[in-house]
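How does the following fold in three dimensions:
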Amino acid sequence: MNRVPELRGDHLKLRELRAGDHDAFTRILTHPVLTRYLGIDRMNADQAHDAFAQSLAQPHTHPRRKYTLAVCPPDDDTLVGTMGLLVESYGSNAMLTSLVLLPGASAPGRGHEAGRLLMAYGFGHLGLHRIWAGHRSDHHHMPKVMHAAGLRPEATLRQLFRTQGVWHDVTTYATVAPEWKRQATETELAILDATQHLEPA
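Next comes the predicted model:
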């Protein structure tokens, strides 16, 4: 298996999904508001169940290219959101995906921290050189999240995906390993350095 070790930050932690996360995970994918800005339409219960099963199986794939992790409070294993990374099949690139925090989550306004923890793992253990992310151009809350994660604007991709019967433009952001490491926190550098030669559990 190719499992990610627990990634602990100052206000939250990331861990692999577990079977007990099913209900919270499916709540996200079936929620009309939480799915509003995702690149997929709101799912029904059966579709969300299948998506959870696929995400749960990710550590068993070789090579592993999809990482969908649970966002949890620092001292609690309860899933309060998700954060993902999609490793591209060429170069040393990956895309941050699936950032969602449930209403009432104990880490409000900390989505950027989840991204940064996963970026530290990506630039460390996965040996990535470039990580990028995007958001619907009409999602006006996201630019500050992207900047706080250490990502910088790159381009607008016109009508990249279609949800709710409408085509959406996507604004993209990116950083490269040497640039990101210069502004990483001590906690993030510790994850990066520790995972460079780590054998996941």
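
Return the distance of the spatially closest residue to Ala70 that is not a sequence neighbour relative to Thr35.
Setting aside the residues directly before and after it, Ala70 is nearest to Leu79 in space (C-beta to C-beta, 6 or more residues apart in numbering), at 4.3 Å. Where you see a C-beta, it was placed from the backbone N, CA and C, and this is true even at glycine. Distance, Leu79 to Thr35, by C-beta to C-beta, to the nearest Å: 16 Å.

re earlier: the residue nearest to Ala70: what secondary structure?
Following DSSP: H, G, I helix; E, B strand; the rest coil, Leu79 is assigned to coil.

tell me, how many neighbours does it end up with?
Leu79 is flanked by 24 other residues according to other C-beta atoms under 10 Å.

cool, Thr30 as well?
16.

who touches it in this structure?
Applying C-beta atoms under 8 Å, 6 or more residues apart in numbering, we find Thr30 in contact with 42-45, 48.

Could I get the full set of helices for the protein?
Secondary structure of the chain (DSSP state H): helices at 22-29, 45-56, 111-124, 142-148, 177-181, 186-195.

mind listing what's buried in the fourth one?
What it means is helix 142-148. If you call a residue buried by 16 or more other C-beta atoms under 10 Å, then helix 142-148 has these buried ones: 142, 145-146.

For His112, state which of the residues you listed is nearest.
Of all the buried residues of helix 142-148, His112 sits closest to Val145, with 5.0 Å by C-beta to C-beta.

In the protein, where is pLDDT below threshold?
Per-residue confidence for the chain (pLDDT under 70) gives these ranges: 1, 105-109, 195-201.

Please repeat the previous calculation with a cut-off of 50.
Residue ranges of the chain with pLDDT under 50: 199-201.

so how far is Val33 from the residue of it most remote from its centre?
Distance from the C-alpha centroid of the chain, by C-alpha atoms, centre = their mean, peaks at Gly165 (25.1 Å). Per C-beta to C-beta, Gly165 is found 17 Å from Val33.

Just send the helices of the chain back as JSON lines, with distance to Gly91 too.
Listed next are the helices of the chain as JSON lines, based on distance: least, C-beta to C-beta, whole Å:
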{"stretch": "helix 22-29", "distance to Gly91": "30"}
{"stretch": "helix 45-56", "distance to Gly91": "24"}
{"stretch": "helix 111-124", "distance to Gly91": "13"}
{"stretch": "helix 142-148", "distance to Gly91": "21"}
{"stretch": "helix 177-181", "distance to Gly91": "12"}
{"stretch": "helix 186-195", "distance to Gly91": "19"}
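
right, and those - which one's nearest Pro103?
It's helix 22-29; of the helices of the chain, that one is closest to Pro103 (C-beta to C-beta) at 9.8 Å.

Val176: what's its closest spatial neighbour, skipping adjacent residues?
Nearest to Val176 is Arg130, by C-beta to C-beta, 6+ apart, at 5.0 Å.

Please tell me how far the residue farthest from the centre of the chain sits from Ile40.
Counting by C-beta to C-beta, the gap from Gly165 to Ile40 is 13 Å.
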